[in-house]
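[1] Provided below for reference: sequence and predicted model.
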Amino acid sequence: KFNNGNPIKNITSNSSWISLETPAYCWYNNDISYKDIIGALYNWYVLDSGNICPQGWHIPTDSEWTILADYLGGSTIAGAKVKETGTTHWDAPNTGATNSSGFTSLPSGHRSDNDGSFAGLFNFETMWSSTEYNELKPYYRTTSSTNTELWRGYGGYKKIGKSMRCIKD
């Protein structure tokens, strides 16, 4: 639900997902059993609505993600410091994971904007930024089981399903 109580559409159809330009979410593989493990995947239109985080919270900007990475020693090692440790949820080797920041990144994968398919469960987490790179593509951050990086990207379109994190204002 949005923070005003209105529902967000749960889209299970691949063809519907890739044609949407309105807020939507899904569970990985349309399987609600992932809800308590990794949460939902959202298209960018959910966060663009401005109604997703609780009052006093917001989706981080690209600059705020950079501040976090810099605080944790730079983007090349920050991923290790935000990832959940071990391989309960992450694929092996979960390189360098310490979660020393307490962030607990979990490998939710994503939902494609090309065909609505799912990929990356247990291998990576991709989290939206509220900053647009251009009118089609926002910035995002990714953690992976195979490296220590908190990677900055902007190649994904707004229709991709990704994780979101709210931070305190």
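    All right, it came through fine.
[2] going forward, measure contacts between C-alpha atoms and count neighbours the same way
    Will do.
[3] Make sure Pro80 is indeed in a helix.
    In this structure residue 80 is Ala, not Pro. Yes: using DSSP: H, G, I helix; E, B strand; the rest coil, the assignment for Ala80 is a helix.
[4] separation between it and Gly102?
    Going from Ala80 to Gly102 by CA to CA, to the nearest Å gives 11 Å.
[5] repeat for Ser163
    17 Å.
[6] can you check Lys9 too?
    Per CA to CA, Lys9 is found 31 Å from Gly102.
[7] Those two - which one has more neighbours?
    Lys9 (14 against 11; other CA atoms under 10 Å).
[8] Hmm, the more buried one is touching Trp27, no?
    No: contact criterion CA atoms under 8 Å: Lys9 and Trp27 do not qualify, at 11.6 Å.
[9] where does Trp151 fall, phi/psi-wise?
    Main-chain dihedrals, Trp151, degrees, to the nearest 10: phi -80, psi 140.
[10] Show me what the helix ranked longest in the chain is packed up against.
    Assignment by DSSP state H gives helix 62-71 as the longest helix of the chain. Helices and strands touching helix 62-71, by 3 or more CA pairs under 8 Å, 6 or more residues apart in numbering; DSSP states H and E, are helix 75-82, strand 124-132, strand 138-144.
[11] would you list the ones you listed in TSV and tack on distance to Arg111?
    Shown next, in TSV, are the helices and strands packed on helix 62-71 (distance: least, CA to CA, whole Å):
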stretch	distance to Arg111
helix 75-82	21
strand 124-132	10
strand 138-144	14
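[12] And those: which comes nearest Asp48?
    Closest approach to Asp48 among those is made by strand 124-132 (7.2 Å; CA to CA).
[13] for that closest one, the distance to its chain's centre please.
    5 Å (CA atoms, centre = their mean, to the nearest Å).
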